[in-house]
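J.: 3D model of this:
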Amino acid sequence: AADALPAERRTGLAKLREKLDIDFLKTDVVAILKESQEGIDRVKKIVQDLKDFSHVDEGSFNWANIHAGLDSTLNIVRNEIKYKADVVKEYGDIPAIECLPSQLNQVFMNLLVNAAHAMPAEGRGTIRVRTGRSGDETVWIEMSDNGCGIPEANLSRIFDPFFTTKPVGKGTGLGLSLAYGIVAKHRGRIEVESTVGVGTTFRVQLPVRQPESEKTLAG
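T.: Below is the predicted model of the structure:
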């Protein structure tokens, strides 16, 4: 114990303790460890979300929770959105649906990234993600933003392959075309409403169950 040391050594230890500010370091180490654990938990969540996002569907439809897919996708694109917009989730009471989960996640990712890119350069916008059901056999997912909007002349072309209004090198023009194809493969519909300077809403409608004849055509 420190009390058993000679007075000279105790004085030296006291000075060293003061120099190193051990009490502060103890507090600081606790804070650092807590932040490290939070960082580890965050990385684990991202890894799990990546697994969920890119899960191989093996060419067959599976029953999946749409909200889980949306949450995983939101986490994956978090860095793309967080400096540009706040995300508001308004999830309804919807059932699991028969689908190709990772492919729907790609649809969600494309719509979310497009919404983020539509935000004005100055200030923050809002991306609203809503879900609900129409009767017993159809669910819908809406993604709305209050960004720049899409000119009416472009609305009829946005799902065309290679059509893009982004600068050269910033987009392939395939994102919405692929999203359209994935939704069509699910025997669903994707629609868009937009007003320049007000914002854009994409609405995806999907059947809860797939016809037996379609389940082998997933690839």
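
J.: and the next helix or strand past the helix or strand harbouring L176?
T.: Per DSSP states H and E, L176 falls inside helix 175-185. Per DSSP H and E, the first helix or strand lying C-terminal to helix 175-185 is strand 189-195.

J.: and for the helix or strand that that next one is followed by, what's in contact with it?
T.: Downstream of strand 189-195, the first helix or strand assigned by DSSP H and E is strand 199-207. Strand 199-207 is contacted from outside by 66, 97-99, 104, 107, 111, 115, 118, 134, 137-147, 149-150, 183, 186-194, using CB atoms under 8 Å, 6 or more residues apart in numbering. Every C-beta, even on glycine, is put in place using the N, C-alpha and C of the backbone.

J.: any of these buried? List them.
T.: 66, 97-99, 104, 107, 111, 115, 118, 138-147, 149-150, 183, 186, 188, 190, 192, 194 (16 or more other CB atoms under 10 Å).

J.: what residues are up against N62?
T.: So, once contact is read as CB under 8 Å, 6+ apart, N62 ends up touching E98, C99, L100, P101.

J.: one more: T126?
T.: Applying CB under 8 Å, 6+ apart, the residues near T126 are A85, D86, V87, V88, D145, N146.

J.: what angle sits between the helix or strand that contains A68 and strand 199-207?
T.: Assigned by DSSP H and E, A68 belongs to helix 66-76. Per axes from the mean of the first three to the mean of the last three CA atoms, to 10 degrees, the angle that helix 66-76 makes with strand 199-207 is 140 degrees.

J.: and helix 66-76, what's its mean pLDDT?
T.: Summarised as a single mean, pLDDT over helix 66-76 is 94.

J.: do a quick rundown of the helices in the protein.
T.: 7-20, 22-53, 66-76, 78-81, 101-117, 152-155, 175-185 (DSSP state H).

J.: can you give me the distance of A68 to F108?
T.: 11 Å (CB to CB, to the nearest Å).

J.: more crowded one of those two?
T.: F108 (25 against 14; other CB atoms under 10 Å).

J.: ok so, going back, check the helices of the chain for me: which has the lowest mean pLDDT.
T.: When I compare these, helix 22-53 is least confident, with a mean of 63.
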